[in-house]
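Novice: How does the following fold in three dimensions:
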Amino acid sequence: MSSLIQETKNLILQYLKRFPEAKDTPDGIASFWINRNHEEVAIALKELINENLIFEKNLGNKKVYGLMNSGE
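Specialist: Numbers count the residues shown, from 1 in each chain. Reported below is the predicted structural model:
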């Protein structure tokens, strides 16, 4: 795993630890939470899901992501 993806994962988790109820789309996470490249965020989100640290939920035609066990 690249250090850039690991850093992106860490930034996402840090944000979610500060705001455990936060949920957003990949675009929102990339643009507003951590100001990172959308592709890096997409890869990081997939890895965090596989590690059971965050969840993915379908809301209409969009997917949102949030901290696992945060009352999703």
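
Novice: Look up which helix or strand the most centrally placed residue in the chain falls in, please.
Specialist: The centroid of the chain falls nearest to residue 45 when counting by Cα atoms, centre = their mean (4.8 Å). Secondary structure assignment for residue 45, by DSSP states H and E: helix 38-50.

Novice: C-terminal to the host helix or strand of residue 6, what's the next element?
Specialist: Per DSSP H and E, residue 6 falls inside helix 3-18. Next in sequence after helix 3-18, counting helices and strands by DSSP H and E, comes strand 23-24.

Novice: That following strand pairs with which strands, and in what direction?
Specialist: Strand 23-24 pairs in its sheet with strand 62-67 (antiparallel), by DSSP bridges.

Novice: average pLDDT for the partner strand?
Specialist: For strand 62-67, the mean pLDDT works out to 96.

Novice: got it, and stretch 23-40?
Specialist: 96.

Novice: what sits against the closest residue to the residue nearest to the centre of the chain other than its chain neighbours?
Specialist: Nearest residue to residue 45, sequence neighbours excluded (Cβ to Cβ, 6 or more residues apart in numbering): residue 65, at 5.6 Å. C-beta coordinates here come from the backbone N, C-alpha and C atoms, glycine included. Listed by Cβ atoms under 8 Å, 6 or more residues apart in numbering, the contact partners of residue 65 are 23-26, 29, 45, 48-49, 54-57.
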